[in-house]
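> Build me a model from this:
(one chain, ligands or ions: 2)
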Amino acid sequence: MLSFDIRTLESTAAQVAGDLQADDPIWNAADPRPLEAVHVEGRFSSAGNGRFYFSGRFSGSVTLECRKCLTEVTRDVAEDAHFLFAPTDDPTTEDDPDVFTYDPGAHQLDIKPAVREGWLLSVPAFVDCREDCKGLCLTCGADLNNGTCNCEPVAADARWDSLRQTRNEFQA
Ligand SMILES: [Zn+2]
Ligand SMILES: [Zn+2]
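Numbers count the residues shown, from 1 in each chain. Ligands and ions are numbered 1, 2, ... in the order given. Now for the predicted structure:
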């Protein structure tokens, strides 16, 4: 459970242990979704003046494509997380992107939006399937990790080198 009763929170800190499911409606279509639920653990407590502070950790895993060969790679994502929530009518939080706001009339405070944002910031922008991934052949698309293809190397073709040299001599 990642939603908390505000009245109760004001007097008693909550121990958080819950999951943000991979099919939760909070995810946008373009989000790199977790493979399974994102597990969230920590402590959620009042910080005074209608503010609440979550301190803990979230963890999960994500599948991304290797940027060189497009093979699917699964990576663990785990981060310490600190989220501050304040009511929308709190003037001190105006334009502060690090503060999550909530409707002052609300009875429940949901930390899922904060977990989602933390997740999006923690998922790597790109991955390599391995350090020495050889990638795909630019000509035929073959995965060069599985062996060489029959294409002529494009950049380092010796025949063109001699032609280039001849041309350079001609121009000189
Ligand atoms: Zn790769
Ligand atoms: Zn090729």
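> got the phi/psi numbers for the most centrally placed residue in the chain?
A centroid search over the chain (C-alpha atoms, centre = their mean) returns residue 123, at 2.2 Å, as the residue closest to the centre. Torsion angles at residue 123 (phi, psi; degrees, to the nearest 10) stand at phi -70, psi 130.
> And for residue 119?
Residue 119 adopts backbone torsions of phi -60, psi -50, taken as degrees, to the nearest 10.
> So if we follow the domain assignment, how does the protein break up?
Using automatic domain parsing, the domain parsing of the chain gives 3-122, 134-172.
> what's the closest of these to residue 128?
With C-beta to C-beta, the closest approach to residue 128 among the domains of the chain belongs to domain 3-122: 5.7 Å. Backbone N, C-alpha and C define where each C-beta goes, glycine included.
> Angles on the backbone of residue 21, please.
phi -70, psi 150.
> How much space separates it from residue 67?
28 Å (C-beta to C-beta, to the nearest Å).
> Ok, residue 143 next?
For residue 143, the distance to residue 67 - C-beta to C-beta - is 14 Å.
> tell me which parts of the protein are close to ligand 2?
The chain comes close to ligand 2 at residues 137, 139, 140, 142, 149, 151, as judged by C-beta under 5 Å from the ion.
> What parts of this structure come near ligand 1?
Counting by C-beta under 5 Å from the ion, the residues of the chain close to ligand 1 are 66, 68, 69, 129, 133.
> Save those residues as JSON lines, and put in neighbour count, secondary structure and pLDDT too.
Shown next, in JSON lines, are these (neighbours: other C-beta atoms under 10 Å; DSSP: H, G, I helix; E, B strand; the rest coil; pLDDT from 0 to 100):
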{"residue": "66", "neighbour count": "19", "secondary structure": "strand", "pLDDT": "97"}
{"residue": "68", "neighbour count": "19", "secondary structure": "coil", "pLDDT": "95"}
{"residue": "69", "neighbour count": "19", "secondary structure": "coil", "pLDDT": "96"}
{"residue": "129", "neighbour count": "18", "secondary structure": "coil", "pLDDT": "96"}
{"residue": "133", "neighbour count": "18", "secondary structure": "coil", "pLDDT": "96"}
